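# I need the structure of the sequence given here:
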Amino acid sequence: MHGKYNKNELKTPIMKRNKSLESMKIRTMLGKKHKSLRLCFTHYVVEKYGINIYTAHTRFRRGILSQWMIVGIRGCICEFLEDDSFTDFENFYKDLPVKSKFIEFMQEEMGMCERTARERFKKFDFSELELIGLEAVYEQFIEDIIKE
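All right, here's what the predicted structure looks like:
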């Protein structure tokens, strides 16, 4: 499934998505210079996705975001597979022949704890926000601001 991810390249990222423009936008917006934008985005996420206000405020204010939170679970899976057209996310982990490579990818490239990755992917236990990721939510937030 993941042809370019072999034992000799385990430490090498497949794509440099963590330095993508979208990720940089999120990290810039979360910086100290953009307090009002960060506050608006925090409230947007709380209202639209039901995340706890304290959790959202703390994570966004301190920039406590793993790469998987930024790109979303769907983005992580597509990046692992190197296939942006993949859509069967719920059955992905169940159908994956070598789960350890994916877990290692999630741990090393996306910043998710091994135990958490195994448990959550096994149950496919993710909120809508976690599935789509903050990049997509931020883009929607900006579109909504422009519309107003």
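# mind showing which ranges of this structure have poor pLDDT?
For the chain, applying pLDDT under 70 flags the ranges 1-32.
# pull the longest helix from the protein.
helix 128-147 (DSSP state H).
# that one: how far from the chain's middle?
Taking CA atoms, centre = their mean, to the nearest Å, the mean C-alpha location of helix 128-147 is offset from the chain mean by 12 Å.
# got the CA coordinates for it in PDB?
Extracted in PDB, the C-alpha atoms of helix 128-147 (Å, rounded to 0.1, in the frame of the first residue of the first chain):
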ATOM      1  CA  GLU A 128     -15.600  15.600  12.800                       C
ATOM      2  CA  LEU A 129     -13.000  18.200  13.700                       C
ATOM      3  CA  GLU A 130     -10.300  15.600  14.100                       C
ATOM      4  CA  LEU A 131     -11.300  13.900  10.800                       C
ATOM      5  CA  ILE A 132     -11.100  17.100   8.700                       C
ATOM      6  CA  GLY A 133      -8.300  18.900  10.500                       C
ATOM      7  CA  LEU A 134      -7.700  22.500  11.400                       C
ATOM      8  CA  GLU A 135      -6.300  23.400   7.900                       C
ATOM      9  CA  ALA A 136      -9.700  22.800   6.400                       C
ATOM     10  CA  VAL A 137     -11.600  24.400   9.300                       C
ATOM     11  CA  TYR A 138      -9.300  27.500   9.000                       C
ATOM     12  CA  GLU A 139     -10.000  27.700   5.300                       C
ATOM     13  CA  GLN A 140     -13.800  27.600   5.900                       C
ATOM     14  CA  PHE A 141     -13.400  30.200   8.700                       C
ATOM     15  CA  ILE A 142     -11.700  32.600   6.300                       C
ATOM     16  CA  GLU A 143     -14.300  32.000   3.600                       C
ATOM     17  CA  ASP A 144     -17.100  32.700   6.100                       C
ATOM     18  CA  ILE A 145     -15.300  35.900   7.200                       C
ATOM     19  CA  ILE A 146     -15.000  37.000   3.500                       C
ATOM     20  CA  LYS A 147     -18.700  36.300   2.900                       C
END
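# good, we can wrap up now.
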